[in-house]
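[1] Here you go, sequence then predicted model.
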Amino acid sequence: MTTTLATTTKLATATKSRDLFLVANTVDELGGVTAWAHQMARLFQGNGHRVHVIGVHEAELKLVLPDDLGYPVTSLYREHPQTPRPARGLGRLNVVARRRESARVAAKRRTVDRLSELFRAARPGAVAIVTQVWPMEWIREADTAGLRIIGMSHESYAYTRACHRYRAVRRSYPSVDRWLALTQEDADDWIADGMHNVGAMPNALAHLPAVPSPRDRRVVCSIGRLADQKGVDMLVDTWALVAPQRPDWTLRIYGAGADEADLRRQCTRLGLDGSVEWRGRTSDVPGVLAESSLFVQSSRGEGFPLALMEAMASAVPCAAFDCAPGVREIVRHGEDGLLAPAGDIEALADRLLRLTGNPRLRDAMGERARMNVQRFSEARVLSRWEQLFELLER
């Protein structure tokens, strides 16, 4: 049984009902940003706003969603749209490339027109929350007259700075009404980089299980996509250092993704098949955590990871790479969890060995984690959103 924090803490009251658009890469992709978008859509709608969730395209690896969400959901494309390609070559190849690019441009124009129609139908004072960087390619061409635009990043400044999205942020976000990072540390980095419309907004903790994990099973769990960013390959290498000293413990890896086959081969090569269980996707995160005594996160980059908060809410202490400000904002090292320097496999193995070998430490950190993480309750975060909406209307 789970109970939402909103039921135990009075939610903020909206001073004005608004039309809110949440615009993301997809509306149905398996991943934390999609889960966050639908969590916030439910919160906003429950607080009296009219919500519409919009994605650029439909996802291939899908998140399990209820049949009736209670608010409209729109995917602008059935599949991932084509990317621009300059015409190269001579003769027939050049003609084919030009026709393909012409078709892409026409399809984008139709999509932008459809987006503009949705925006024009909104009541005065509407807000578009662009939850990821890529959709701004369509937002910038759409008719947004009368809308306030809030741009967001669900990854750290450092992670964005190191990839192609940095150029897109610098191109698209100086002109929006507010550019939100997930932590004040990330916001300060953006401000130091020359952005002047920056604020910070953490993710909200969705659920507080009625009964915390008893931490009585010798199980370490990981939950996340099996993709490079999540660093599951580094987790397997870490477990190769832990398993010989903790032969009675099991690592359960929950998730799906393109890297699964390679990761399973790595596990076999390291002789870990007897202590690692590949559990696939799960729609019962509280149930998974109830059967775990530790949570481990080995990501190369993060924003404000929901999985860490969910583990802490279940009183499951966490060991994680300190790969982003959001991680150290959630986990207070030495108090309610243990952090290791980003990418330091030996240090992460040390943290797991300390927690697996000391039940008193696990229990103390687990109980403190459950208490401390409630500072990110839905009620508190929703109140900050309402304050932001009011501020942008002044």
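    Nice, thanks for sending it over.
[2] Tell me the buried residues in stretch 325-337?
    325-331, 336-337 (16 or more other CB atoms under 10 Å). For every residue, glycine as well, the C-beta is placed using N, CA and C.
[3] Same question for stretch 229-243.
    230-243.
[4] What segments of the stretch 101-250 of the chain are strands?
    127-130, 148-152, 178-181, 198-200, 207-209, 219-223, 250-254 (DSSP state E, counting those that start in this stretch).
[5] Out of the ones you listed, which is closest to residue 160?
    Closest to residue 160 of those is strand 178-181 (CB to CB; 9.3 Å).
[6] hmm, who's touching the closest one?
    With CB atoms under 8 Å, 6 or more residues apart in numbering as the test, strand 178-181 has contacts from 150-153, 157, 169, 173, 187, 189-190, 195, 197-201, 388, 392.
[7] May I see the PyMOL selection of the buried members of these?
    Per 16+ other CB under 10 Å, the buried members of the contacts of strand 178-181 correspond to this PyMOL selection:
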select buried, resi 150+151+152+153+157+169+173+187+189+190+195+197+198+199+200+201+388
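[8] what about residue 110, neighbour count?
    Neighbourhood size, residue 110 [other CB atoms under 10 Å]: 12.
[9] now do residue 394
    Residue 394: 4 neighbours (other CB under 10 Å).
[10] What spatial separation is found between it and residue 388?
    11 Å (CB to CB, to the nearest Å).
[11] doesn't residue 74 fall inside a strand?
    Yes: assessed with DSSP: H, G, I helix; E, B strand; the rest coil, residue 74 lies in a strand.
[12] Buried by neighbour count: which residues of the strand or helix carrying residue 267 qualify?
    Using DSSP states H and E, residue 267 maps to helix 260-269. For helix 260-269, the neighbour count (16+ other CB under 10 Å) marks 260, 263-264, 266-267 as buried.
[13] and what of stretch 164-175?
    So stretch 164-175, judged by 16+ other CB under 10 Å, has buried residues 165, 169, 172-173.
[14] what does it contact?
    Contacts of stretch 164-175 (CB under 8 Å, 6+ apart): 133-134, 136-137, 139-140, 151, 153, 155, 160, 179, 195-197.
[15] ok, then the element right after the lowest-mean-pLDDT helix or strand in the chain?
    Here the helix or strand of the chain ranked lowest by mean pLDDT, DSSP states H and E is strand 2-4, holding a mean of 39. On the C-terminal side of strand 2-4, the closest following helix or strand by DSSP H and E is strand 19-24.
[16] And the following helix or strand past that following strand, what does it pack against?
    Downstream of strand 19-24, the next assigned helix or strand under DSSP H and E is helix 32-46. Packing partners of helix 32-46 (3 or more CB pairs under 8 Å, 6 or more residues apart in numbering; DSSP states H and E): strand 19-24, strand 50-57, helix 306-313, helix 378-393.
[17] quick one, the shortest one and helix 378-393 angle?
    Okay, so that is strand 19-24. 110 degrees (axes from the mean of the first three to the mean of the last three CA atoms, to 10 degrees).
[18] Outline the domain layout of the protein.
    The domain map for the chain lists 2-204+377-393, 207-375, with the assignment taken from automatic domain parsing.
[19] Hmm, residue 381 is touching residue 201, no?
    Yes: the pair residue 381 / residue 201 is scored as a contact, 7.3 Å apart, by CB atoms under 8 Å.
[20] Am I right that residue 257 is in a helix?
    No: using three-state DSSP, the assignment for residue 257 is coil, not a helix.
[21] show me where the stretch 51-200 of the chain has helices.
    Applying DSSP state H, counting those that start in this stretch to the stretch 51-200 of the chain gives helices spanning 91-120, 136-139, 157-161, 165-172, 184-192.
[22] Can you list the buried residues in the third one?
    By neighbour count with 16+ other CB under 10 Å, helix 157-161 contains the buried residues 157, 159-160.
[23] for the longest one, same thing?
    Applying a neighbour-count criterion of 16+ other CB under 10 Å, the buried positions in helix 91-120 are 108, 111-112, 115-116, 118-119.
[24] for the residue nearest to residue 311 when sequence neighbours are not counted, helix, strand, or coil?
    In space, and not counting its chain neighbours, residue 311 is closest to residue 295: 3.6 Å by CB to CB, 6 or more residues apart in numbering. In three-state terms, and counting by three-state DSSP, residue 295 is strand.
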